[in-house]
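*Asks:* Coordinates for the following, if possible.
(one chain, ligands or ions: 1)
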Amino acid sequence: MTSTKLLTGALAGASLLVLAACEEKTEAVKETAAPEVSAEPADAGPTTDDVKTFILEAEMELDRMFTRSSEINWQYATDITPEHEAAVAEDGAILTAKMVELANATKKFQGVDLPPALQRKVNILRGGITIPAPSTEGAAVELSNINTRLSSAYSTGKINFEGAEVPQNQTELLMRDLKDPAKLEEVWTKWRENAKVTKADYARMVEIANEGARELGYKDVGDMWRSGYDMDADAFAAETDRLWGQVEPLYKNLQCHVKYKLNEQYGDDVVPLDKPIRADILGNMWAQQWGPLYDNVKPEGASDENSVDLDALLEGKGYTPIKMVETGENFFSSLGFEPLPDTFWERSQFVKPEDREVVCHASAWDIDNREDIRIKMCINVDGEDFRTIHHELGHNYYQRAYKDQPLLFKSGAHDGFHEAIGDMIALSITPEYMKQIGLLEEVPGAEGDLPLLMQQALEKIAFLPFGLLVDKWRWQVFSGELTPDTYNDGWWALREQYQGIRPPNERPADAFDPGSKYHVPNNVPYTRYFLAHILQFQFYKAACDQIGWDGPLHRCSFYGAAEMGEKFNAMMEMGQSQPWPDTLELFTGTREMDGSAIISYFQPLMDYLEEENQDRQCGW
Ligand SMILES: [Zn+2]
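*Replies:* Predicted coordinates:
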C-alpha cells in the first residue's frame, strides 16, 4: 500500500549515508585513510592538499564499502533468512563506526580555508550520518543492537483479529477495507499495542545518537538533520512552515469536506462535526493518505463513464508486470533518456518469488554506484503499482544521471529531490497520455476532471501535514522538548494541530503511538516526503511551462518532450555537487521551493470544495 512509496527513500538515491556497510578489511584500510595529516610538522595545521587526500581516500573506501553493503542488503531483501539478517545487522554496526570515524576526522579541518567543492564534501561527510554513535567504546554496537531490535519489533509485529494472527502488512489492508468503526478501532488500537514495548529502546537510542551528534558539533540529531539543506537549521525549519502555509488552505478545505461526508455516513457519535476526525476511519493505518475514501467523498455526478479506472484498463489490455515497467521506461525514453541497461532487466525483482520470503516494499537500488541499477518490487497489475514503478524508476534514472560525480556527490540535490523525480513523471500519466499509448480509448471531457483531482488530493494533499509533522515530532524529541513521558501527548498534539485528527480512544499512559509508524523505529527521516510532494508539482509545472502548455495544469502531459527532457537531465546530472538552489534553478528558473504549483494544479477542486464548505463548520 501507501507506505511502499514512502519507504523507498531509505534505499534509494539519498541512501549514501543511510545504507551501506563494510568488509572485514576495514581495519587494514583504515590505517591508510588519514596518515598524511599526522605527518605534518607539529605546529602546522592540515593543508588543503591534506584535506584533498583525505577526502579522496575516504571516497574510495566508501565506494567499496557501499557496494559491498548494497550487495548484502539486496541479498537479504530478496531472500530473508537468519543468516542474511545477521549479515545486515553486522554491516550496520561496522558502517556506523566507520562513518563516525570519518566524520570525526573532518573536525581537524575546521578553520582550513578550502575551495567550495572540497568544503562541501567535508560537510557532507560530517553531517551525513542519520543516526550517529559517539566514538566511546561500545557505543556503535549498542546503538546498532537497539536499532536492530526496534526495526525487527516493527516488521515482525502481529495482531490477533477475529481469531487469526495478522502480520503488519495485512493490518494495513484491514484499515483500508473495513468499514465498521468498532472493528477499525480494534485493529488500529491493537497495532499500537506492539509499539509500547519499544519506547524504552527508542528513548535510549535518542540519548546515544544525541551524544554522537554533539560530538560532531551539532546541538542534537534534529539539528543535524535540519543542517543538511544548504541553509541554517532554523532557517530550514522556517522554510518548511512557509511551504505548509502555502498549501494549508487547500488541506483544510479537504479535511472539512471529508469530515462532513463521513458524518453523513457514520453519524454524530462517530464523527461529531465540532471535533477533529477520528484517525481510524480514514482508510489508512496512520491516516496519512485517504485514497480508499474516494467512494465516500466523490463529487456528485462522478460516474464510471466520466472517470478513468486505471486498474481496469491495465487488466483489460493484458498488461503484465514487465510490460508495466517497459511502459515506464518508454516514458523516460520519450524524454531522451537512454534505455535501461540489460542488467536492470536481468537482476531486478519485479514479482514476488514463490520459493522464499522477500521484502516486498518497493525500492530502487544502485548497487555499484555506477551502472548496476535495479528495482525491487512485488508488482501487482494495478494503477497504484503502475505509478509506483514510475516513482522507483525516477530514483534509478537520477542515480544513473549523476553516476560520473565523485562519490560524495552521488545523491539528490537534497533528499526531497530524489523522491520527487519519479512522482513528477507519474503526474504526467493523464487520460490523454493513456490514450496516446493505447491504454484508453476515449478521453473523458471536462466533467472527468473533478473526480480525478479528488482522487489525487486524497493521496497527495491529505499527505502534506503528515509529511511535515513526523519530523516536527522527532525534532522535539531530539531537542529534549519532549521526554519519554510526553512522547505520546506531543505526538497527538501535532496530529491534531496539523491534520485535524484525534485518536479513537483515550491513549494509555504507556502508549508510544509514533512507534507504530515504520519510519520512526527505522530512523528514516521524513521531511523529504513533504518536500517531495511540493517539488514534484513544481517540477511538473516547470516542465509544462517549457513545452508551452496553456491548458489547465492537471491535464498537461509532457510525454515525448525531448528538449524539456534534456534540461531535466541536466538538473539530475548535478547530483549533490552544488547547493540545491543552484540545481533547482537550472530546471525551474527559481531558487526557492514553491507550493504554488500545487494550488494551480488543484484549483478546480479548491473552487468546488470552497463552494461545498460554504455553510459548514470547518476547522477544529
Ligand atoms: Zn522513493
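*Asks:* now the closest residue to residue 421 other than its chain neighbours: how far from residue 423?
*Replies:* Nearest residue to residue 421, sequence neighbours excluded (Cβ to Cβ, 6 or more residues apart in numbering): residue 394, at 3.6 Å. Yep, even glycine has a C-beta here, placed from its N, CA and C like the rest. Applying Cβ to Cβ, to the nearest Å, the value for residue 394 to residue 423 is 7 Å.
*Asks:* ok, the two, which is more surrounded?
*Replies:* Ranked by neighbour count (other Cβ atoms under 10 Å), residue 394 and residue 423 place residue 394 first, with 28 against 22.
*Asks:* what packs against whichever strand or helix holds the more buried one?
*Replies:* Per DSSP states H and E: residue 394 is located in helix 383-401. Secondary-structure packing of helix 383-401 (3 or more Cβ pairs under 8 Å, 6 or more residues apart in numbering; DSSP states H and E): helix 2-7, helix 310-316, helix 321-334, strand 363-366, strand 373-376, helix 415-426, helix 562-573.
*Asks:* buried set for the third one?
*Replies:* Right, the one you point to is helix 321-334. By neighbour count on 16 or more other Cβ atoms under 10 Å, the buried set for helix 321-334 is 321, 324-329, 331-334.
*Asks:* and of these, the nearest to the ion?
*Replies:* Comparing these against the ion with Cβ to the ion places residue 328 closest, at 13.9 Å.
*Asks:* what residues are up against the closest one?
*Replies:* 386, 389-390, 393, 425 (Cβ atoms under 8 Å, 6 or more residues apart in numbering).
*Asks:* Just name the closest of the residues you listed to residue 81, please.
*Replies:* The closest of the contacts of residue 328 to residue 81 turns out to be residue 389 (Cβ to Cβ; 27.4 Å).
*Asks:* Please report the distance of the residue nearest to the closest one when sequence neighbours are not counted from residue 464.
*Replies:* Take residue 389 and drop its neighbours on the chain: the residue closest to it by Cβ to Cβ, 6+ apart is residue 328, 4.7 Å away. Here the distance between residue 328 and residue 464 works out to 25 Å (Cβ to Cβ).
*Asks:* what's the answer for residue 566, then?
*Replies:* Counting by Cβ to Cβ, the gap from residue 566 to residue 464 is 31 Å.
*Asks:* Comparing these two, which shows the higher neighbour count?
*Replies:* residue 464 (26 against 12).
*Asks:* thinking again about what came up before, so is the helix holding residue 394 next to the ion?
*Replies:* No - figure legend: helix 383-401 not in contact with the ion (Cβ under 5 Å from the ion); closest approach 5.6 Å.
*Asks:* for this structure, what's the longest helix?
*Replies:* What stands out as the longest helix in the chain, according to DSSP state H, is helix 233-266.
*Asks:* Would you mark the buried spots in that one?
*Replies:* Quick answer for helix 233-266 (16+ other Cβ under 10 Å): 233, 236-237, 239-240, 243-244, 246-248, 250-263.
*Asks:* any idea which helix or strand carries whichever residue of the stretch 101-250 of the chain sits closest to the ion?
*Replies:* Closest approach between the stretch 101-250 of the chain and the ion, counting by Cβ to the ion: residue 130, at 15.7 Å. Under DSSP H and E, no helix or strand contains residue 130.
*Asks:* Please report how far it lies from residue 202.
*Replies:* Relative to residue 202, and taking Cβ to Cβ, residue 130 is found at 15 Å.
*Asks:* Ok, which of the helices and strands packed on helix 383-401 comes nearest the ion?
*Replies:* It is, among those and with distance given as Cβ to the ion, helix 415-426, at 4.8 Å.
*Asks:* average pLDDT across the closest one?
*Replies:* For helix 415-426, mean pLDDT rounds to 97.
*Asks:* Ok, stretch 482-501 next?
*Replies:* 98.
*Asks:* How about stretch 517-533?
*Replies:* Mean predicted confidence for stretch 517-533 is 95.
*Asks:* close to the ion, is that stretch?
*Replies:* No - figure legend: stretch 517-533 not in contact with the ion (Cβ under 5 Å from the ion); closest approach 7.9 Å.
*Asks:* Check the separation of the first and last residues in that stretch.
*Replies:* Using Cα to Cα, to the nearest Å, the end-to-end distance of stretch 517-533 comes to 19 Å.
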